[in-house]
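Colleague: 3D model of this:
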Amino acid sequence: GAAEMHWLPSMTYQDPRRMSLPRPVGSRYQGMLVYPLMLPEAYLTQFAFPRNRPQTTNLKVQGRRELPDLVERYQRAAPSMPGLGTFRYGAVALTVSYDQNGRPYREKLVTVIEDTGSLGVGMWSNKDTLMVRAPAADFDRMAPLFAMVQASIRLNPAWLDGERRGSAQRAVNARATQQYIQPRSSEIVENRRRANAEIAHSMFNPHTGEPEYGSNQYRHRWQSANGT
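Modeller: Got it, this is the predicted structure:
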């Protein structure tokens, strides 16, 4: 599609530098791709973008923005264990330009990188990875639609609860996991809702201090009882 929003799945990788018997980069270990830990910007430009936009040329990073609020939300919910530390996070939003089939495009990219460190024996993963593109001449006109789609996401508490538990259990053994992480579904949903709001705010509305769920380009607007 010339204009599209693409949510990339959250995948778990194994850093070979933290393995007792390192495996070759690109091989598989217990179902995970063996790949060195990457910073968020490198993950987007060197890993995610080339795999999803293989037929592009003249890639240029036009803008870069750290996402400290998104990092803080993940960090607050991060598992930790005395002597083994805690998960660490980094998040960034990029604006890039490129050509495809002779047509110029603009794209917004965002990701959170989770590093399990010693707690997870070198496993790491991408979270909330989103790619949003449109022809360069149309991107600003379509940004309100992209923001509305992002803000309209409704989360399944049961699915998120299972995904969160599974992620933690892959990082440490199940017995230890239950001792330090017992998230309620409602807390997970609220955290992800705020994460989506922060992503939409960071990607499409850098001018205000609050997440924007609509656009003044629309003729009519409605506000819900909770302020949305």
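
Colleague: quick one: low-confidence ranges for this protein?
Modeller: 83-84, 167-189, 201-222, 227-228 (pLDDT under 70).

Colleague: report the central residue of it.
Modeller: Against the mean C-alpha coordinate of the chain, by Cα atoms, centre = their mean, the closest residue is residue 128 at 2.3 Å.

Colleague: now do the contacts for that one.
Modeller: For residue 128, the contacting residues are 10, 70, 91, 110-112, 195-196, 199, taking Cβ atoms under 8 Å, 6 or more residues apart in numbering as the criterion. In this view, the C-beta of every residue, glycine as well, is placed from N, C-alpha and C.

Colleague: ok, 6 Å please
Modeller: Going by Cβ atoms under 6 Å, 6 or more residues apart in numbering, residue 128 touches 112, 195.

Colleague: show me where this protein has strands.
Modeller: Secondary structure of the chain, counting by DSSP state E: strands at 4-8, 12-14, 28-29, 32-34, 57-66, 80-81, 85-86, 88-100, 103-115, 123-135.

Colleague: and those strands as CSV, adding distance to residue 225?
Modeller: Below are these laid out as CSV (distance: least, Cβ to Cβ, whole Å):
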stretch, distance to residue 225
strand 4-8, 28
strand 12-14, 39
strand 28-29, 50
strand 32-34, 44
strand 57-66, 32
strand 80-81, 37
strand 85-86, 37
strand 88-100, 30
strand 103-115, 29
strand 123-135, 27
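
Colleague: with adjacent residues omitted, what lies nearest to residue 80?
Modeller: By the measure of Cβ to Cβ, 6 or more residues apart in numbering, the closest residue to residue 80 outside its immediate chain neighbours is residue 86, 3.5 Å from it.

Colleague: any idea how many residues pack against that neighbour?
Modeller: 16 (other Cβ atoms under 10 Å).

Colleague: thought residue 147 was touching residue 200?
Modeller: Yes. With contact defined as Cβ atoms under 6 Å, residue 147 counts as touching residue 200 (5.1 Å).

Colleague: what residues are shared contacts of these two?
Modeller: With contacts taken as Cβ under 6 Å, 6+ apart, residue 147 and residue 200 have no neighbour in common.

Colleague: so where do the helices sit in the protein?
Modeller: 40-42, 49-52, 68-76, 139-151, 157-171, 174-180, 185-204 (DSSP state H).

Colleague: got these as JSON lines, with distance to residue 102 columns?
Modeller: Below are the helices of the chain laid out as JSON lines (distance: least, Cβ to Cβ, whole Å):
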{"stretch": "helix 40-42", "distance to residue 102": "28"}
{"stretch": "helix 49-52", "distance to residue 102": "19"}
{"stretch": "helix 68-76", "distance to residue 102": "36"}
{"stretch": "helix 139-151", "distance to residue 102": "17"}
{"stretch": "helix 157-171", "distance to residue 102": "41"}
{"stretch": "helix 174-180", "distance to residue 102": "52"}
{"stretch": "helix 185-204", "distance to residue 102": "26"}
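
Colleague: how close does the residue nearest to the centre of the chain sit to residue 114?
Modeller: 10 Å (Cβ to Cβ, to the nearest Å).

Colleague: quick one: closest of the strands of the chain to residue 50.
Modeller: Evaluated with Cβ to Cβ, the strands of the chain place strand 57-66 nearest to residue 50, the distance being 8.8 Å.
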